[in-house]
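Undergrad: predicted structure and sequence below. I'll ask about it afterward.
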Amino acid sequence: MYRFTYLVIPIMMFLLFLGCSKKTTDADATLNSQPEATFEIVSYYPDGSEETSVMDSVVLLFSGDLDCNTINTSTIRVAMGKSGTLTCNSNRVVYKPDYSFDFAIAVEVFVSKDVSSADGISLGNDFSYIFCTEVEPGK
C-alpha cells in the first residue's frame, strides 16, 4: 500500500504542474483579445417620437470624444438649406438653427460616416433620421 502511495503522489504532482503551466495558443489569444473599438451615435434629440418645438436645437451624443475637425456642414446636415451653427464639445454636437423651423414639417438630420472620434475611428456608416415639428404654436 505504501509503495503505491509513493508512486501516485509524484505522478499527481507532475500532472498538476503540467496543468498550471499551460501555453497560450493562437486560438487562445484570439479568444482573449479585446474587441475592436466602435464609435457610434448613442443618443439624439429630438428623437422623432413626438412633435418638436420649432425653437429646439438638434443634439447628437456619440459613444466617445469627437475629432471636432470632422464636424462641419458637409458631415452634419439638418433640413437641407437651413442655416445654423454647429458646436462640437467632447462627445456632443449641437446644431442651433439661425431661425426657427417651420411648423408642421419633417426635418431630416444627416450625419456622414466621415465623422470620427478623437482616436481616429469613423462612424463606418452614414446615419440619418427624421423628426416632425409641432403643427401649431404651443401644441
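TA: Received the coordinates, thanks.
Undergrad: from here on, just use CA atoms for contacts and neighbour counts.
TA: Will do.
Undergrad: break the protein into its domains for me.
TA: Domain assignment for the chain by automatic domain parsing gives 2-32, 41-132.
Undergrad: can you redo those domains as CSV with mean pLDDT and mean neighbour count?
TA: Below are the domains of the chain laid out as CSV (pLDDT from 0 to 100; neighbours: other CA atoms under 10 Å):
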stretch, mean pLDDT, mean neighbour count
domain 2-32, 52, 10
domain 41-132, 94, 16
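Undergrad: can you pull the contacts of the residue nearest in space to the middle of the chain?
TA: Central residue of the chain (CA atoms, centre = their mean): E40, 2.4 Å from the mean position. When contacts are counted by CA atoms under 8 Å, 6 or more residues apart in numbering, E40 is found next to 62-64, 123.
Undergrad: mind running it again at 7 Å?
TA: Counting by CA atoms under 7 Å, 6 or more residues apart in numbering, E40 touches 62-63, 123.
Undergrad: go on, M55?
TA: By CA under 7 Å, 6+ apart, M55 lies in contact with 100-101.
Undergrad: what about it, helix or strand, and which?
TA: Assigned by DSSP states H and E, M55 belongs to no helix or strand.
Undergrad: okay, and R77 sits in which element?
TA: Per DSSP H and E, R77 falls inside strand 76-78.
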